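[1] Below: sequence and its predicted model.
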Amino acid sequence: MEGNRNIESFIQTDAAVNPGNSGGALVNTRGELIGINTAISSRTGSFIGYSFAVPSNIAKKIIDDLLEFGSVQEAILGVAIDQSDKTIEGVVIADVFEEGGAKTSGLKSGDVIKKVNNVKIVKFSDLKGQLTAKRPGELVEVTVDRDGKLLSKMVQLSKRESFASNAFGVQLKDLNAKEKRKFKVSGGAKIIQNNNKILQYYNVGEGYVITKINGKEITNASDAASILDSYNPNQNMYIEMLSPEGQIEKFRF
């Protein structure tokens, strides 16, 4: 799966969570940590009924990744998802990428994912919740419905290589060591596909590297995509880039 779908696998609860509680512990009646408070559903800005928390197993995995690798290791199946039919119970595979565990394991376009490691998958957030707690290289058992028959495949998860900002219209990738040396930077996000009309007008395309957004240093493609997804045409956004030749170019949107 590629791109920022903005759909996460949260714990939904009616526990009273108010502004300022984000980052705090959500515990059960035995005092055990089950989640990290993240958001509330509210029209007034204060608690009115629903709150959401990141499951503790996902939070732990993120912490472990940061301590060991310095960044979150996001695992993917290597498929594109079709979410057009909301009546289907499961997740429909629209396409299988040439490189990745899904292709190797024999998953096909049209397969409907029903289970991952024997956990029932009803919707996309269920699938994402299972994958978020995994690392690239791990094996998962994926059960699919193919033409009415249930098949189980062992899939080795791949590392997510690109990140899309659908709001801004660009697809980004982390710089490799050679590119960092070339541009003399420690991080950044390289544009590998550009559908942004304004950037196209200024001949900005593949190979440009985003180094700053609103003055903030960009360390990787994931961060850049998240910031760009918050783009609001009614507010100014300042982006600093390096051209493929290494020249600094600045843009205001």
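    Looks like it arrived, so ask away. Numbers count the residues shown, from 1 in each chain.
[2] which regions of the stretch 51-200 of the chain sit below the pLDDT cut-off?
    71 (pLDDT under 70).
[3] now the helices: where do they sit in it?
    Ranges of helices within the stretch 51-200 of the chain are 56-69, 101-105, 124-132, 177-183, 197-201, based on DSSP state H, counting those that start in this stretch.
[4] Please produce a markdown table containing those helices, extended by mean neighbour count and distance to Ile11.
    Every C-beta, even on glycine, is put in place using the N, C-alpha and C of the backbone. As requested, the helices of the stretch 51-200 of the chain are exported to a markdown table (neighbours: other C-beta atoms under 10 Å; distance: least, C-beta to C-beta, whole Å):
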| stretch | mean neighbour count | distance to Ile11 |
| --- | --- | --- |
| helix 56-69 | 14 | 9 |
| helix 101-105 | 21 | 28 |
| helix 124-132 | 19 | 10 |
| helix 177-183 | 13 | 38 |
| helix 197-201 | 12 | 39 |
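[5] can I get the ones you listed in a markdown table with distance to Ile81?
    Output for these, formatted as a markdown table (distance: least, C-beta to C-beta, whole Å):
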| stretch | distance to Ile81 |
| --- | --- |
| helix 56-69 | 19 |
| helix 101-105 | 11 |
| helix 124-132 | 6 |
| helix 177-183 | 30 |
| helix 197-201 | 26 |
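[6] Among those helices, which comes closest to Asp95?
    helix 101-105 (9.6 Å; C-beta to C-beta).
[7] Asp82 is nearest to which of the helices of the stretch 51-200 of the chain?
    Comparing the helices of the stretch 51-200 of the chain under C-beta to C-beta, the one sitting nearest is helix 124-132, at 10.0 Å.
[8] Output that closest one as CSV, nothing but the C-alphas.
    In CSV, the C-alpha atoms belonging to helix 124-132 read as follows (Å, rounded to 0.1, in the frame of the first residue of the first chain):
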residue,chain,number,x,y,z
PHE,A,124,-8.7,-1.0,5.3
SER,A,125,-8.0,0.3,8.8
ASP,A,126,-8.0,-3.3,10.1
LEU,A,127,-5.3,-4.2,7.6
LYS,A,128,-3.3,-1.1,8.4
GLY,A,129,-3.5,-1.8,12.1
GLN,A,130,-2.0,-5.3,11.6
LEU,A,131,0.8,-4.0,9.4
THR,A,132,1.7,-1.0,11.5
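[9] isn't Gln83 right up against Phe124?
    Yes - with contact defined as C-beta atoms under 8 Å, Gln83 counts as touching Phe124 (6.0 Å).
[10] who touches both of those two?
    Val91 (C-beta atoms under 8 Å, 6 or more residues apart in numbering).
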